[in-house]
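> heads up, no residue letters with this:
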């Protein structure tokens with residue numbers, strides 16, 4: 001069957017209402033409507049459980065998927081030097097792009113000044129809770145934190161950095177074994193396929209998760225929750241859009257592909273993230289799609305998990321923008337030196353934030369407590385609308401990590417240009433076409 005015939009076959013087999021991203025989009029709209037019209041019902045624990053439960057279903061397989069993909073990626077590499085080379089390139093890229101995100105947030109906050117003229121009151125209880133969490137985060141030594149007390153403990157806690165460290169060590173050990181480790185390597189490859197199969201089953205209930213999360217959010221905070229903070233929310237969204245289209249778009253253009261077509265290619269994952277406010281919820285699917293896009297398995301297995309801790313562009317924009325917003329709202333003047341300090345501190349504290357919803361807010365607390373402790377009470381000002389910004393953080397994070405993986409694969413000479421061009425030019429998911437070809 002030809003590719004064109006396969007695409008026709010797919011469209012004939014899958015009416016619009018059975019396409020996942022359409023279902024998620026409808027669920028988000030219905031959730032917002034229910035939250036607005038029936039706020040008491042939307043705040044029901046069972047409605048909230050739909051969204052939280054879906055995220056937990058995804059998170060339960062994140063650690064084993066990362067382990068399998070990282071170990072498999074390293075084990076298939078014959079030269080250990082290559083792992084170090086890919087890791088160094090990835091970290092250099094992460095730091096450069098993260099700096100762009102942080103600086104962009106500062107520039108926009110200074111120019112637009114969304115917090116000037118704002119009058120708000122702080123919730124002392126909420127502030128005390130987040131200040132305590134910020135203090136705990138600040139006191140943890142980062143190097144010791146990524147070393148788990150036990151290998152199984154890292155998996156049980158779901159700590160991505162700890163799992164990543166153990167996976168790298170396990171992968172190197174398996175690679176050194178050579179032929180003696182082939183059976184274990186094959187077993188891990190099979191286990192990875194099983195884990196992706198589990199994800200494929202879980203994703204079928206994504207519309208329910210998106211509905212629950214959106215209904216609860218709107219019902220809990222209401223449309224008026226934006227209030228005077230609408231300017232901050234709008235500024236953050238516009239800044240993130242500029243970052244994706246201009247910064248990431250420029251980087252993508254250098255590598256020879258369109259950021260718009262890339263976004264269209266991962267639209268399913270973006271809509272799942274939009275509904276759950278967690279970029280981790282689409283991590284397994286993103287990794288699989290990047291491989292089909294032409295990125296080598298080893299690069300995907302190393303770059304994507306690392307990027308979820310080291311390449312959080314949306315979180316970086318949020319931290320500098322929100323910090324200056326709070327300072328402006330409280331009438332605290334920040335000198336150029338203070339703002340440069342914010343850049344440095346935010347670069348470090350952001351490395352501890354994962355793609356879990358709400359992590360950006362905790363990271364903001366750590367940044368404020370480290371730079372200007374008197375700004376910490378002002379966090380309650382943005383507490384009510386943080387949920388509305390978490391979606392944008394997650395969307396920017398996952399897009400940034402996807403682009404980063406393609407760039408590193410291109411930089412490393414492990415990007416299949418034919419696959420890339422073919423996948424981005426298609427109007428249907430390559431997996432559907434492959435299925436149609438196989439079954440047709």
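In hand now; what should we look at? Quick caveat: nothing in here was measured; it's all calculated off a predicted structure. Numbers count the residues shown, from 1 in each chain.

> what about residue 166, distance to residue 71?
9 Å (Cβ to Cβ, to the nearest Å). All C-beta spots, glycine's among them, are computed from the backbone N, C-alpha and C.

> Residue 302 too?
Distance from residue 302 to residue 71, by Cβ to Cβ: 11 Å.

> Then residue 231?
47 Å.

> Looking at the two now, which is surrounded by more residues?
residue 71 (27 against 18; other Cβ atoms under 10 Å).

> The closest residue to residue 242 other than its chain neighbours: which element?
The shortest distance from residue 242 to any non-neighbouring residue, by Cβ to Cβ, 6 or more residues apart in numbering, is to residue 104 (7.3 Å). Per DSSP states H and E, residue 104 falls inside helix 80-112.

> elements contacting that helix?
helix 160-177, helix 230-242, helix 297-310, helix 313-330, helix 336-349, helix 386-411 (3 or more Cβ pairs under 8 Å, 6 or more residues apart in numbering; DSSP states H and E).

> related to what we said a few turns ago, doesn't residue 239 make contact with the residue nearest to residue 242?
Yes. Using Cβ atoms under 8 Å, residue 104 makes contact with residue 239 at a distance of 6.3 Å.

> So residue 149, which state does it fall into?
Three-state call for residue 149 (DSSP: H, G, I helix; E, B strand; the rest coil): coil.

> which stretches of the stretch 151-300 of the chain aren't confidently modelled?
158-161, 217, 221-229, 276-278, 280 (pLDDT under 70).

> Now do the helices in it.
Remark: helices assigned in the stretch 151-300 of the chain by DSSP state H, counting those that start in this stretch are 151-157, 160-177, 182-203, 206-221, 230-242, 249-255, 259-265, 267-276, 283-292, 297-310.

> In JSON lines: these, plus distance to residue 84.
Below are the helices of the stretch 151-300 of the chain laid out as JSON lines (distance: least, Cβ to Cβ, whole Å):
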{"stretch": "helix 151-157", "distance to residue 84": "22"}
{"stretch": "helix 160-177", "distance to residue 84": "10"}
{"stretch": "helix 182-203", "distance to residue 84": "20"}
{"stretch": "helix 206-221", "distance to residue 84": "37"}
{"stretch": "helix 230-242", "distance to residue 84": "33"}
{"stretch": "helix 249-255", "distance to residue 84": "22"}
{"stretch": "helix 259-265", "distance to residue 84": "28"}
{"stretch": "helix 267-276", "distance to residue 84": "29"}
{"stretch": "helix 283-292", "distance to residue 84": "21"}
{"stretch": "helix 297-310", "distance to residue 84": "10"}
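
> Would you mind saying which of the ones you listed lies nearest residue 90?
Minimum separation from residue 90 across these (Cβ to Cβ) falls at helix 297-310, 5.1 Å.

> Tell me how far the closest one lies from the chain's centre.
Computed by Cα atoms, centre = their mean, to the nearest Å, the chain-centroid distance of helix 297-310 equals 12 Å.

> relative to helix 313-330, how tilted is it?
Relative orientation of helix 297-310 versus helix 313-330 (axes from the mean of the first three to the mean of the last three Cα atoms, to 10 degrees): 10 degrees.

> tell me which strands and helices helix 297-310 is in contact with?
helix 62-75, helix 80-112, helix 160-177, helix 283-292, helix 386-411.

> just checking, next helix/strand downstream of the last one?
Moving toward the C-terminus from helix 386-411, the next helix or strand (DSSP H and E) is helix 417-425.

> Excluding covalently adjacent residues, which one is nearest to residue 101?
Nearest to residue 101 is residue 316, by Cβ to Cβ, 6+ apart, at 3.9 Å.

> what's near enough to touch residue 299?
Neighbouring residues of residue 299 by Cβ atoms under 8 Å, 6 or more residues apart in numbering: 73, 86, 405, 408-409, 412, 414.

> any idea which of those is closest to residue 288?
The closest of the contacts of residue 299, once distances to residue 288 are taken by Cβ to Cβ, is residue 405, at 11.9 Å.

> And for the closest one, nearest residue in space, chain neighbours not counted?
Using Cβ to Cβ, 6+ apart, the closest residue to residue 405 is residue 303 (4.6 Å).

> okay, now that neighbour: neighbour count?
Residue 303 has 31 neighbours, counted by other Cβ under 10 Å.

> Just want the most central residue of this protein.
residue 279 (3.2 Å; Cα atoms, centre = their mean).

> Distance of that one relative to residue 392?
11 Å.

> and if you look at residue 51?
For residue 51, the distance to residue 392 (Cβ to Cβ) stands at 17 Å.

> Could you do residue 406 as well?
From residue 406 to residue 392 the distance is 22 Å (Cβ to Cβ).

> same deal with residue 231?
For residue 231 relative to residue 392 (Cβ to Cβ), the value is 15 Å.

> likewise residue 47?
According to Cβ to Cβ, residue 47 stands 23 Å off from residue 392.

> that older thread, more neighbours, residue 104 and residue 239?
Set residue 104 next to residue 239 and count neighbours by other Cβ under 10 Å: residue 239 wins out with 24 against 21.

> tell me the contacts of the more buried one?
Neighbours of residue 239 in contact, by Cβ under 8 Å, 6+ apart: 104-105, 108, 317, 321.

> now it: how far from residue 31?
Taking Cβ to Cβ as the measure, residue 239 falls 26 Å from residue 31.

> For residue 305, give me its contacts.
Applying Cβ under 8 Å, 6+ apart, the residues near residue 305 are 66, 69-70, 160, 164, 167, 283.

> oh, I was asking about residue 283
By Cβ under 8 Å, 6+ apart, residue 283 lies in contact with 58, 62, 65, 304-305, 308, 355, 398.

> Please render the residues you listed as TSV that adds distance to residue 171 and pLDDT to the earlier fields.
Shown next, in TSV, are those (distance: Cβ to Cβ, whole Å; pLDDT from 0 to 100):
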residue	distance to residue 171	pLDDT
58	23	72
62	17	71
65	14	79
304	15	84
305	12	79
308	18	76
355	22	45
398	24	90
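
> Identify the residue nearest residue 172 in space, chain neighbours excluded?
residue 74 (6.1 Å).

> and if you look at residue 403?
Nearest to residue 403 is residue 248, by Cβ to Cβ, 6+ apart, at 5.0 Å.

> my guess is the one you found meets residue 399, correct?
Yes. Counting by Cβ under 8 Å, residue 399 is a contact partner of residue 248 at 6.6 Å.
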